[in-house]
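In: build me a model:
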Amino acid sequence: MRLATIGTSKITQQFVAAIKKTGRFDYVGAYSRSGEKAKQFANRFGADLSFSSLEQLAGSQAVDVVYCASPNSVHFEQVVTLLKGGKHVLCEKPIFVNLKEFDEAVRIADAQHVYLIEAIRNIQTPVFKKLKQELPRAGQMRSAVLQLIQYSSRYDQFKQGKITNIFSPQFAGGALEDLGIYPTYVAVALFGEPQDAVYEPVRLTNGIDGSGTLVLRYPDFVCTVLCSKIAHSDAPSEIHGEKGTFRFNNPSTIARLEWIDAHEKQVTPVAEHFVADDKIFEIRHFADLIEQSDREAYLKLRALSRSVLKTMEMARKQCGLLFPSDHAPR
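Out: Numbers count the residues shown, from 1 in each chain. Now for the predicted structure:
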């Protein structure tokens, strides 16, 4: 399958490097609003095509799949254009800002008989799959603390007065959207949709959440999500059951898993799988879904994405953390 990319940022560079490692896609083209940037990016990574017109990319007969890594706020308009052009789309997390956008894009994807998938790497790692398999061992769930506290170099720019997309309400940035989505995916993938989601943000001077605490309420336990782009911690995440605790290194990568028996209090390694680039797992899964026309697995993954988005939108709106597209009619 022939794949093109939207965006020329570091994350797009990492993605292209990962697809070349997997060998599952042929990288054929790059899009940027700047034609010169698109051409430079394409040349750098061995692609023959460059686009400065989104409509031209959407209509190209030389492209089957597009990876979209543009700012969050423009995902919807770009993805819809691509879907209408008959392209499969792998869109970087968070796929959209709200359910209005998600449901409309899904309707178009179905009408065009193409796949629309959110690029979220953590739930495709081997260690996460092992955690999901082993979870019943913990017995009755009683609590979970999932944390991703990662100081952003762009925060230094913010403090100097330069507002980058990731710290901008206009571009639907902030800690919950950028980092909190990883532990939220872990929670919803393991426990299902919560009954309620309450977010307490720590707002910066422009109103965006630099960090925050998300509380996901389930019938018999509470899952607490800590996310921050203005501090740093290497503390692990834990899931606590009556029979024991699962501990893992990081909700965004999930490469090491340990078990702590509630009675013996002994830490036992369960799984470990570190790779230089864990994007390879999501890329392989995306390729499998398309090549095998596995609609059942695709719909299951799509439903999970919708549940995560529903949870995060609920949490944002309860605390008044709104973005421009929340007010836009669809």
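In: use CA for all of it now, contacts and neighbours both
Out: Will do.
In: next up, the contacts around Gln112.
Out: 83-84, 86 (CA atoms under 8 Å, 6 or more residues apart in numbering).
In: do the same with Asp48
Out: Per CA under 8 Å, 6+ apart, neighbours of Asp48: 28-29, 42.
In: which one of the residues you listed is nearest to Leu99?
Out: Nearest to Leu99 out of those is Gly29 (CA to CA; 30.1 Å).
In: dump the residue contacts of the most centrally placed residue in the chain.
Out: Nearest to the geometric centre of the chain sits Lys93, at 3.2 Å (CA atoms, centre = their mean). For Lys93, the contacting residues are 72, 118-120, 178, 181, by CA under 8 Å, 6+ apart.
In: count the residues that sit near Lys37.
Out: Lys37: 18 surrounding residues under other CA atoms under 10 Å.
In: contacts only, for it.
Out: With contact set as CA under 8 Å, 6+ apart, Lys37 has these partners: Thr8.
In: got a pLDDT number for it?
Out: At Lys37, the model reports a pLDDT of 96.
In: let me know the secondary structure of it.
Out: On the three-state scheme (DSSP: H, G, I helix; E, B strand; the rest coil), Lys37 is labelled helix.
In: confirm that Val63 sits in a strand.
Out: No. The assignment for Val63 is coil, going by three-state DSSP, so no strand is present there.
In: please report the distance of it from Lys84.
Out: 14 Å (CA to CA, to the nearest Å).
In: higher neighbour count, the two?
Out: Higher neighbour count among Val63 and Lys84: Val63, with 22 against 18, using other CA under 10 Å.
In: list the contacts for that one?
Out: Neighbouring residues of Val63 by CA under 8 Å, 6+ apart: 2-4, 28-29, 57, 87.
In: any of those residues buried? List them.
Out: Neighbour counting by 16 or more other CA atoms under 10 Å classes 3-4, 28-29, 57, 87 among these as buried.
In: which ones among these lie within helices?
Out: Leu57 (DSSP state H).
In: show me where the stretch 101-250 of the chain has strands.
Out: Per DSSP state E, counting those that start in this stretch, the stretch 101-250 of the chain carries strands over the ranges 116-119, 141-149, 196-203, 209-217, 222-228, 237-241, 244-248.
In: any chance of those strands in a markdown table, plus distance to Gln133, mean neighbour count and mean pLDDT?
Out: Below are the strands of the stretch 101-250 of the chain laid out as a markdown table (distance: least, CA to CA, whole Å; neighbours: other CA atoms under 10 Å; pLDDT from 0 to 100):
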| stretch | distance to Gln133 | mean neighbour count | mean pLDDT |
| --- | --- | --- | --- |
| strand 116-119 | 22 | 23 | 98 |
| strand 141-149 | 15 | 22 | 99 |
| strand 196-203 | 25 | 19 | 99 |
| strand 209-217 | 22 | 22 | 99 |
| strand 222-228 | 19 | 24 | 99 |
| strand 237-241 | 14 | 21 | 99 |
| strand 244-248 | 12 | 24 | 99 |
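In: distance to Phe323 added to those strands, as TSV?
Out: Listed next are the strands of the stretch 101-250 of the chain as TSV, based on distance: least, CA to CA, whole Å:
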stretch	distance to Phe323
strand 116-119	20
strand 141-149	23
strand 196-203	14
strand 209-217	12
strand 222-228	19
strand 237-241	29
strand 244-248	33
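In: quick check: which of those is nearest to Lys310?
Out: Lys310 lies closest to strand 196-203 among these, at 9.6 Å (CA to CA).
In: show me the contact partners of the closest one.
Out: Applying CA under 8 Å, 6+ apart, the set of residues contacting strand 196-203 from outside is 209-218, 311-312, 314-316, 318-319.
In: neighbouring strands - and their directions - for that strand?
Out: Partners of strand 196-203 in the sheet, by DSSP bridges, are strand 209-217 (antiparallel).
In: relative to strand 141-149, how tilted is the partner strand?
Out: Angle, strand 209-217 to strand 141-149, by axes from the mean of the first three to the mean of the last three CA atoms, to 10 degrees: 170 degrees.
In: and the angle from strand 209-217 to strand 222-228?
Out: Counting by the same axes, to 10 degrees, strand 209-217 lies at 170 degrees to strand 222-228.
In: burial check on Asp220, number of neighbours?
Out: Neighbours of Asp220 using other CA under 10 Å come to 9.
In: swap in Tyr151?
Out: So Tyr151, with other CA under 10 Å, has 16 neighbours.
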